[in-house]
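Participant: Please find the sequence and the predicted model below.
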Amino acid sequence: MTRIFTIVLSVLFVAYPVLIYFGITTFSPAIVSAFVLMLLGVRLAVTWKISAAKIRPLLPLTLAAAVPATVSLVFNNEHALLLVPALVNAVLLSLFATSMVRGPTMIERFAALEEPEITPRISAYCRKVNVIWCVFFALNGLVALYTVFFMSKEYWALYNGLISYLLLGSLILGERIYRRQVKQKNRES
């Protein structure tokens, strides 16, 4: 039951832009904000029930949604809710960028889940991919921010609820295809 609940909550968070768009065009921003805060609370409670240790990684992204939702609730302001995708990109950018300094990079951590041994060559590759992700999050966050202040809510929902996910998926797919080619080339060498 907890797994199903986690999946449902994850789908709701991915659908955030679309849900927010329909929410603020139907209800007041304060009502939508209360719903967002309730979902965030439920997500933390479910995660806590599964494993208290898994809450720590969720906190930065949870705060990126909870702070604007709280501002929106208090001031009944829809713009605060619209800022969430830009803030999520800022949080992801900061996590990926700080991993460049502290090491290992976020991409190297992900690679360690698949690769039995991280060689210096793999580490260097992961570092380059991590930089690409930093650039992606910076640009995507700036466009998301632009949509809040200079575009209609419809374009905000279209970019943040579809286009940014297509760009994200394209980057993931492109990197995977390139990585396979590099691995194949290294095997042939």
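Facilitator: That came through fine.
Participant: and this protein, what are its domains?
Facilitator: The chain breaks down into these domains under automatic domain parsing: 1-75, 83-189.
Participant: Which strands and helices lie in contact with the helix or strand where residue 38 lies?
Facilitator: Taking DSSP states H and E as the criterion, residue 38 maps to helix 29-50. Counting contacts by 3 or more Cβ pairs under 8 Å, 6 or more residues apart in numbering; DSSP states H and E, helix 29-50 is packed against helix 2-14, helix 16-26, helix 55-75, helix 78-82. Using the backbone N, CA and C atoms, a C-beta is placed for each residue, glycine as well.
Participant: Out of these, which is the most enclosed?
Facilitator: Most buried of these, by mean neighbour count (mean count of other Cβ atoms under 10 Å): helix 78-82, with a mean of 21.
Participant: residues of the longest helix seen in the chain that come out buried?
Facilitator: Longest helix in the chain by number of residues (criterion: DSSP state H): helix 120-150. Under the neighbour-count criterion of 16 or more other Cβ atoms under 10 Å, helix 120-150 has 122, 125-127, 129-130, 133-134, 136-138, 140-141, 143-145, 147-148 buried.
Participant: check contacts around the closest residue to residue 34 other than its chain neighbours.
Facilitator: Spatial nearest neighbour of residue 34, chain neighbours left out: residue 73 (5.9 Å); criterion: Cβ to Cβ, 6 or more residues apart in numbering. By Cβ atoms under 8 Å, 6 or more residues apart in numbering, the residues touching residue 73 are 29-30, 33-34, 37.
Participant: any idea which element the residue nearest the centre of the chain lies in?
Facilitator: The centroid of the chain falls nearest to residue 88 when counting by Cα atoms, centre = their mean (5.5 Å). For residue 88, the host element (DSSP H and E) is helix 84-102.
Participant: which outside residues touch that helix?
Facilitator: Contacts of helix 84-102 (Cβ under 8 Å, 6+ apart): 16-17, 20, 60-61, 63-65, 67-69, 105-109, 127, 130-131, 133-134, 137-138, 140-142, 144-145, 148, 160, 164.
Participant: Next, the buried residues of that helix.
Facilitator: Of the residues in helix 84-102, 84-93, 95-97, 99 count as buried by neighbour count, 16+ other Cβ under 10 Å.
Participant: Okay, now the unreliable bits of this structure?
Facilitator: Low-confidence segments of the chain, defined by pLDDT under 70: 1-2, 5-6, 50-54, 186, 188-189.
Participant: Report how many residues lie close to residue 184.
Facilitator: 10 (other Cβ atoms under 10 Å).
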